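Participant: my questions concern the predicted model and sequence given below.
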Amino acid sequence: MTRKFQWVSFLSALLAAALLAGCVFPLAAAEKSWAKFTRRENSIFDTETTFIGFAETEQEFDRVWGEVLSRLRRYDQVFDAYHGYDNLHNLYYLNRHAFQEPVAVPQELFQLISWCKQQWESGLRSTNIAMGAVLSIWHEYREAGINNPDSAALPPMADLEKASGHTSFDSVVLDEEKQTVFYADPDLSLDIGAVAKGWAADAVLPYLKESMPSFLLSLGGNVYAGDKPMDGRSAWAVGVQDPRADMLSVSLGGTDILDIVDVRDQTVVTSGDYWRFYVVDGQRYHHIIDPETLMPSRQMLSVTVICKSSALADFLSTTLFVLSYEEGLALVQGMDGVEAMWVLPDGSVQCSPGMAAYARSLKNAAGGTGK
Ligand code: AMP
Ligand code: MG
């Protein structure tokens, strides 16, 4: 066989294979039919978890959901501040023992604490998970106020100030090699509520992307949208809640959605003053505490962050909630791939410039179609 003939045969074989593939793959793609399934669960992270995904069969969907749930459950236990579990050095255990001696903790908890400490050391201090001493006082008064609205009261400032003397991350001593955590200050404790859900969402991503790429996972409003939905849409539509939605009008068919963002392979995380609040003398006191004033921050009604990492988005939404809009915008603009939407106390909305690619209100205003 001449060299030329060899090449011709090779190319014709390639062409035949390509033609065959051209026939087979579209057929195969057409044969694959996707169905959308949804599951909800209320037993983890003290919130509602919603999982939506496209799978070929319900059985396949439930297999993946079962695995996601069991992984999330593990994170819920490791990050749990209120309950101990047998043979688990979780956050609850840590806060009760780490002032006595270094405590070896599961890798996922060590990594979360270590990452938060790095943020603190880099100067981002509005979200300080070492502020447990202050946050636990607010938690106690808030729970009492929710359970007994008539006797709802504010924590004495003297108590908050005393506690704030025990919130330095420098006192959290980490040993990378031994994966231990030690509190050099016996009155310090950690509260990881600002980042735990985002961290857990990121942790199940590799499994999800491999097992069911077209999904949407929401951990109480911390949303991660995977690959595009398999129903022809190019992105998932995620609602941004109106922080002051009128519940009466919602019950009459009105909407509590302020805007819709269209995303894929992105996370959407909101911090808002409408979660976990109580009322004292007609004033609302919510759960995000400004480390400077030791009071619930009054800078924002809500902040929504879009980026690739749920842990970062969770951390940043809390951070931006405490900062002024100008400080927050400067922070966001200094970061790659991070966008934010702020709802200010007067109800007005501000967005970082790149939000125009996601938010329908901005796309519509620019004459875009929005879907
Ligand atoms: P998020 O809803 O993600 O903004 O987180 C709010 C939760 O984070 C609260 O319920 C507290 O547990 C915790 N938290 C509140 N304020 C702060 C703060 N300034 N730094 C760190 N954690 C905070
Ligand atoms: Mg957060």
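Facilitator: Right, received. Where do you want to start? All of these numbers come straight from a predicted model, not from anything done at the bench. Ligands and ions are numbered 1, 2, ... in the order given.

Participant: could you use CA atoms for every contact and neighbour count after this?
Facilitator: Will do.

Participant: any idea which helix or strand comes after the lowest-mean-pLDDT helix or strand in the chain?
Facilitator: Taking mean pLDDT, DSSP states H and E as the measure, the chain has helix 3-31 as its least confident helix or strand, at a mean of 41. Downstream of helix 3-31, the next assigned helix or strand under DSSP states H and E is strand 35-44.

Participant: tell me the confidence at the residue in the stretch 1-150 of the chain positioned nearest to ligand 1?
Facilitator: Residue nearest to ligand 1 within the stretch 1-150 of the chain (Cα to the nearest ligand atom): Thr127, separated by 3.4 Å. Predicted confidence (pLDDT) for Thr127: 97.

Participant: residues in contact with the closest residue to it other than its chain neighbours?
Facilitator: With Cα to Cα, 6 or more residues apart in numbering as the criterion, Thr127 has its nearest non-adjacent residue at 5.2 Å, and that residue is Thr319. Thr319 is in contact with 124-127, counting by Cα atoms under 8 Å, 6 or more residues apart in numbering.

Participant: so which of these is the most crowded?
Facilitator: Sorting the contacts of Thr319 by how many neighbours each has (other Cα atoms under 10 Å) puts Thr127 first, at 26 neighbours.

Participant: can you tell me the helix or strand for that one?
Facilitator: Assigned by DSSP H and E, Thr127 belongs to no helix or strand.

Participant: thinking it is in contact with Val195, fair?
Facilitator: No: taking contacts as Cα atoms under 8 Å, Thr127 lies outside contact range of Val195: 9.1 Å.

Participant: what's the overlap in contacts for the two?
Facilitator: By Cα under 8 Å, 6+ apart, the residues touching both Thr127 and Val195 are Phe315.

Participant: what are the contacting residues of the strand or helix carrying Gly198?
Facilitator: Assigned by DSSP H and E, Gly198 falls within helix 196-211. Under the criterion Cα under 8 Å, 6+ apart, residues 45, 64, 68, 71-72, 75, 79, 112, 215, 217, 219, 222, 224, 226, 309-315 lie in contact with helix 196-211.

Participant: need the CA coordinates for it. CSV is fine.
Facilitator: Below are the C-alpha coordinates for helix 196-211, written out as CSV (Å, rounded to 0.1, in the frame of the first residue of the first chain):
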residue,chain,number,x,y,z
ALA,A,196,-21.1,27.2,57.6
LYS,A,197,-23.8,26.8,55.0
GLY,A,198,-21.7,28.2,52.2
TRP,A,199,-18.8,26.0,53.2
ALA,A,200,-21.0,22.9,53.2
ALA,A,201,-22.5,23.7,49.8
ASP,A,202,-19.0,24.0,48.3
ALA,A,203,-18.1,20.7,49.9
VAL,A,204,-20.7,18.7,48.0
LEU,A,205,-20.1,20.4,44.7
PRO,A,206,-17.4,18.1,43.3
TYR,A,207,-19.7,15.1,43.9
LEU,A,208,-22.7,16.9,42.3
LYS,A,209,-20.8,18.1,39.3
GLU,A,210,-19.8,14.6,38.6
SER,A,211,-23.0,12.8,39.4
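
Participant: packing partners for the helix or strand that it is followed by?
Facilitator: Where DSSP H and E defines the elements, the next helix or strand beyond helix 196-211 is strand 215-219. Packing contacts for strand 215-219, counted by 3 or more Cα pairs under 8 Å, 6 or more residues apart in numbering; DSSP states H and E, involve strand 47-55, helix 196-211, strand 222-225.
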